[in-house]
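next input, structure requested:
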Amino acid sequence: MQTVNSATASAATMSDEEWAMRVDLAAAFRLCVKFDWHESIANHFSASVSDDGKQFLLNPKWQHFSTIKASDLLLLDADDSSIMESENAPEPSAWSIHGAVHSHVSHAKVLLHCHPPYATALSCLKDPEIKPIDQNTARFFNRMAIDVDFGGIADDEAEGRRIAQAFGNQSNLMMGNHGVSCAGETVAEAFEHLYYLERAAKTMMLAYASGQPLNVMSDELAEKTASTWEVYSDSAFAHFDQLKAMLDSSEPDYKT
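Residues are numbered from 1 along each chain as shown. A predicted model of the protein is given here:
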């Protein structure tokens with residue numbers, strides 16, 4: 001499959017499912033800017049649109065998150081590397097990571113990778129684990145993979161496969177010396193993971209900054225708290241719908 005020409009991509013040229021995914025992913029880019037999680041013209045969000053995960057949407061190379069619209073997103077095929085020789089080539093690190101994760105991590109239909117301030121700061125510590133010290137941090141108890149084998153900016157297939165393997169069966173990956181990646185079946189679910197991960201990391205970094213010992217929950221309490229979060233999983237959709245409603249009022253062009 002070749003890349004879709006971003007100038008002609010529209011709701012009329014694709015399935016309702018793909019267009020809805022484009023709109024949600026475009027919203028995630030805009031919201032990332034509002035929450036100050038973006039970084040220059042770097043970082044990447046993607047979503048697979050095929051059952052095997054190999055056909056996926058990705059932001060164009062070097063386009064600021066604040067300008068991305070649903071029709072701008074590239075449609076790529078992980079098995080068609082010829083796109084990297086074209087004028088529409090995506091950023092190489094995005095190609096190597098996102099193509100590999102969508103191809104090899106079945107539950108990662110959506111993958112959001114960025115460098116939010118607190119999560120990135122936490123990723124730079126010798127121990128980047130999120131300790132269960134409140135209900136937000138406990139949300140990630142035994143529910144986050146940690147990769148401490150940073151190999152520099154990912155620009156080859158081997159590094160992409162290594163990162164995919166690091167996810168294991170988790171939806172959240174703390175990338176040591178790098179940042180974070182959050183996956184989900186939908187954009188709303190992946191975005192909720194990212195939202196709470198950054199809040200949890202902020203709590204961790206502020207607690208560390210106090211210089212006082214952390215009051216870490218027992219494993220039993222942490223697991224009880226994490227399990228209770230799963231009862232409220234549908235809140236991700238309500239949260240994302242209301243955030244999109246805010247965008248509808250302030251910058252509705254994301255849906256075009």
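
nearest residue to the middle of the chain?
In the chain, the residue lying closest to the centroid (CA atoms, centre = their mean) is Leu112, at 1.3 Å.

dihedrals phi and psi, it?
phi -110, psi 120 (degrees, to the nearest 10).

give the contact list for it.
28, 45, 181-183, 190-191, 193-194 (CB atoms under 8 Å, 6 or more residues apart in numbering). (Each C-beta comes from the backbone N, C-alpha and C, glycine too.)

cool, and Lys255?
Lys255 neighbours (CB under 8 Å, 6+ apart): 23, 26-27, 69-70, 248.

out of those residues, who has the most neighbours?
Among the contacts of Lys255, the one with the most neighbours (other CB atoms under 10 Å) is Ala26, at 27 neighbours.

and the pLDDT at that one?
The model reports Ala26 with a pLDDT of 98.

can you give me the strands in the protein?
For the chain, the strands defined by DSSP state E occupy 44-48, 55-58, 74-77, 110-114, 145-147, 172-175, 179-184.

run a quick neighbour tally on the residue nearest to Gly179 when sequence neighbours are not counted.
Nearest non-adjacent residue to Gly179, counting by CB to CB, 6 or more residues apart in numbering: His115, 3.8 Å away. Using other CB under 10 Å, His115 has 18 other residues around it.

check Cys182 too.
By other CB under 10 Å, the residues close to Cys182 number 27.

re the thing from before, how far away is the residue nearest to Gly179 from Glu18?
Distance of His115 to Glu18, computed by CB to CB, to the nearest Å: 28 Å.

now do the same end-to-end measure for stretch 145-153.
Terminal residues of stretch 145-153 lie 19 Å apart, using CA to CA, to the nearest Å.

I figured Ala138 hits Asp219, correct?
No: counting by CB atoms under 8 Å, Ala138 sits too far from Asp219 to count as a contact (10.5 Å).

thanks again, I'm all set now.
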